[in-house]
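A.B. asks: How does the following fold in three dimensions:
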Amino acid sequence: MQDRPTKLKEYQTYIDGKWCDASSGKKFQTFDPYTGEPWALIPECDAKDVGTACEAAWRAFDKGPWPAMSQTARGKLLRRIGGLIEKHAEHLAQIEVRDNGKLMSEMHAQTKYLPEWFYYYGGLADKIQGAVVPSDRPDHFTYTLKEPVGVCAFITPWNSPLMLVGWKLAPALAAGCTVIIKPSEFTTASLLEFMKLVIEPAEVPPGVINVVTGYGAVVGEPLVTHPKVAKVAFTGGTATGARVNELAAKTFKKVSLELGGKSPNIVFDDCILDDAVSGAISGIFAATGQTCIAGSRLLLQESIHDQFVEKLVAMAKQARLGDPSKLETQVGPVTTPPQYAKILSYIDIAKGEGAKCVLGGGPATKEEGGGKYFVKPTIFTGVNNKMRIAQEEVFGPVLSVIKFRDEEEAVAIANDIAYGLGAGIWTQSVRRATSVSKRIRAGTVWVNTYRAVSFLMPFGGYKASGLGRENGAEAIEGYLQTKSVWINNGPGGGNPFIMKTS
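C.D. replies: Now for the predicted structure:
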């Protein structure tokens with residue numbers, strides 16, 4: 001178990017290259033989800049701090065060393081950031097675990113992998129290029145330029161704080177944008193440690209990266225509506241994402257949204273059974289269900305349903321709950337008290353709807369390895385796709401099992417949902433893998449695997465799961481705009497008021 005000192009650590013926020021308190025002087029506590037105890041104090045920023053950060057980001061974008069920096073130099077800076085993340089990956093993971101309660105095995109894997117985003121986009125920075133366009137006017141030379149959109153606002157969630165910042169920050173910096181980051185009020189500490197250990201030593205110019213900490217309504221809305229902000233990138237719930245989109249649209253800001261999911265994990269009777277059982281477990285319980293791509297709807301073909309459920313329950317029963325800082329722990333706490341209450345309420349809803357609880361179904365006691373905010377891994381069978389437990393995002397360790405007859409019904413059930421973020425398919429048929437992948441309306445489809453992500457592969461949703469894409473070469477386009485340039489190499493300017501004479 002990692003050392004958990006009783007004295008609260010005090011943080012400052014980071015604006016215009018300086019560490020500072022909130023203008024109000026207020027701070028709020030951040031809590032350890034495992035113990036339920038406060039461990040640090042975070043500045044409680046407000047609209048005044050947002051304004052200061054936006055002005056700093058605009059100055060840094062408009063003049064000074066950042067816009068004068070070559071694309072190649074920006075790439076080198078991104079690679080320096082990647083190297084510093086590698087150096088401090090373990091410490092950053094420890095802070096993440098302390099603040100959000102997810103497993104050390106998962107958080108350390110994320111922080112170790114995160115440098116790859118900065119290396120990748122560092123390599124792309126000087127490959128951003130426009131094009132010479134053939135002109136149908138003989139005297140004109142025409143070409144395009146790719147230019148940064150400007151100041152970008154990032155609003156990030158509590159479930160994978162640094163990873164989801166990195167997905168936005170690396171392509172934005174490669175494009176030449178400046179940013180203001182508003183982390184979740186529940187998990188702010190790791191970003192502030194990141195600024196101290198990575199961004200300052202990397203010698204990022206003042207104002208290029210700014211952080212405003214605090215509550216959503218007080219900080220988030222002024223950030224989204226600020227006139228100096230050109231783009232908003234948001235990861236979080238669908239309802240909040242809709243509000244962000246509405247506010248941003250009033251001033252025609254570019255928006256990317258990575259929102260909720262209720263992903264189908266479809267198991268056909270020609271699967272490798274043990275692999276699919278393991279995939280179903282990792283798809284929903286590995287992150288305590290606190291991931292937008294959780295395979296929370298398990299679709300089982302009728303012929304293997306009973307055998308699969310028996311194996312699934314037997315494996316899930318073995319889960320070791322406990323201190324997330326210990327590597328042997330397999331299920332950690334729920335990150336926030338409101339989310340804990342929400343998960344328990346959905347378990348009650350499922351029982352009320354007539355779903356059969358075959359595992360878990362409530363809080364985990366200390367004797368079972370639980371702590372302050374633990375929910376037992378929970379499996380419901382007898383679920384039909386019209387139930388709320390099958391249609392609404394729980395964001396917890398709760399699995400809904402749904403039977404299907406054949407491929408047609410599986411696809412129909414999979415698509416009968418407001419969301420379209422991810423989906424899984426378990427089959428040994430190449431024909432089925434390719435045809436079903438094409439028919440499912442989701443941004444990512446995994447075949448005989450689940451929850452795999454990479455800096456190389458675009459990520460994003462269909463339908464209510466969002467707008468735009470993160471990761472891959474496609475992501476950088478979201479931080480660029482295209483300028484068309486016409487150069488007349490011929491005579492005159494085509495003045496319509498000059499009379500032509502014969």
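A.B. asks: any idea of the mean pLDDT for whichever helix or strand Lys342 is part of?
C.D. replies: Element membership for Lys342 (DSSP states H and E) is helix 337-353. For helix 337-353, mean pLDDT is 97.
A.B. asks: now that helix: how far from the chain's centre is it?
C.D. replies: Averaging C-alpha positions (Cα atoms, centre = their mean, to the nearest Å) puts helix 337-353 24 Å from its chain's average.
A.B. asks: just the strands in the stretch 51-200 of the chain please.
C.D. replies: 132-133, 140-148, 151-155, 178-182 (DSSP state E, counting those that start in this stretch).
A.B. asks: how about the helix holding Lys342: buried residues?
C.D. replies: 339-340, 343-344, 346-347, 350, 353 (16 or more other Cβ atoms under 10 Å). In this view, the C-beta of every residue, glycine as well, is placed from N, C-alpha and C.
A.B. asks: coming back round to it: make JSON lines out of the strands of the stretch 51-200 of the chain and add mean neighbour count, distance to Gly214 and mean pLDDT.
C.D. replies: Formatted as JSON lines, the strands of the stretch 51-200 of the chain follow (neighbours: other Cβ atoms under 10 Å; distance: least, Cβ to Cβ, whole Å; pLDDT from 0 to 100):
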{"stretch": "strand 132-133", "mean neighbour count": "10", "distance to Gly214": "46", "mean pLDDT": "97"}
{"stretch": "strand 140-148", "mean neighbour count": "15", "distance to Gly214": "27", "mean pLDDT": "97"}
{"stretch": "strand 151-155", "mean neighbour count": "28", "distance to Gly214": "12", "mean pLDDT": "98"}
{"stretch": "strand 178-182", "mean neighbour count": "27", "distance to Gly214": "8", "mean pLDDT": "98"}
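A.B. asks: out of the ones you listed, nearest to Pro65?
C.D. replies: Among the strands of the stretch 51-200 of the chain, the nearest to Pro65 by Cβ to Cβ is strand 178-182 (11.6 Å).
A.B. asks: ok, Lys48 - how many residues close by?
C.D. replies: Neighbour count for Lys48, taken as other Cβ atoms under 10 Å: 12.
A.B. asks: measure Asn245 to Lys196 for me?
C.D. replies: Distance, Asn245 to Lys196, by Cβ to Cβ, to the nearest Å: 33 Å.
A.B. asks: wait, I meant Val309
C.D. replies: Counting by Cβ to Cβ, the gap from Val309 to Lys196 is 48 Å.
A.B. asks: between the two, which one's more packed in?
C.D. replies: Shown here are Val309 and Lys196; by other Cβ under 10 Å, Val309 has more neighbours (19 against 15).
A.B. asks: Could you pull up the residues touching that one?
C.D. replies: 300, 358, 379, 381, 401 (Cβ atoms under 8 Å, 6 or more residues apart in numbering).
A.B. asks: Need the three-state assignment for it.
C.D. replies: helix (DSSP: H, G, I helix; E, B strand; the rest coil).
A.B. asks: before we move on, back to that, would you list the contacts of Val309 in TSV and tack on secondary structure?
C.D. replies: Below are the contacts of Val309 laid out as TSV (three-state DSSP):
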residue	secondary structure
Leu300	strand
Val358	strand
Ile379	strand
Thr381	strand
Val401	strand
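A.B. asks: Would you point out the most distant pair within those residues?
C.D. replies: Leu300 and Val358 (12.8 Å).
A.B. asks: Please say which of those two ends up with more neighbours.
C.D. replies: Comparing Leu300 with Val358 by other Cβ under 10 Å, the one with more neighbours is Leu300, at 27 against 18.
A.B. asks: ok, the more buried one - contacts?
C.D. replies: Each residue near Leu300 by Cβ under 8 Å, 6+ apart is listed here: 267, 308-309, 401-404.
A.B. asks: Next: Leu344.
C.D. replies: 362-363, 375.
A.B. asks: swap in Gly289?
C.D. replies: So Gly289 contacts 296, 343, 394-398 (Cβ under 8 Å, 6+ apart).
A.B. asks: Need the pLDDT of it.
C.D. replies: Per-residue confidence (pLDDT) for Gly289: 93.
A.B. asks: Show the contacting residues for Gly362.
C.D. replies: 344, 347, 375-376, 378.
A.B. asks: Same question for Leu145.
C.D. replies: So Leu145 contacts 130, 482-483, 485 (Cβ under 8 Å, 6+ apart).
A.B. asks: Tell me the spacing between Asn488 and Ser135.
C.D. replies: Counting by Cβ to Cβ, the gap from Asn488 to Ser135 is 10 Å.
A.B. asks: Kindly report the same for Lys112.
C.D. replies: For Lys112, the distance to Ser135 - Cβ to Cβ - is 50 Å.
A.B. asks: what are the ranges of the helices in the stretch 401-502 of the chain?
C.D. replies: 407-415, 430-439, 472-477 (DSSP state H, counting those that start in this stretch).
A.B. asks: Report the buried residues of the last one.
C.D. replies: When burial is assessed from 16+ other Cβ under 10 Å, helix 472-477 yields the following buried residues: 472, 475-477.
A.B. asks: what two of those residues have the greatest distance between them?
C.D. replies: Maximum distance among these (Cβ to Cβ): 9.9 Å, for Gly472 and Glu477.
A.B. asks: So Ser160 is in contact with Thr288, correct?
C.D. replies: No: if you go by Cβ atoms under 8 Å, Ser160 and Thr288 don't touch, sitting 12.0 Å apart.
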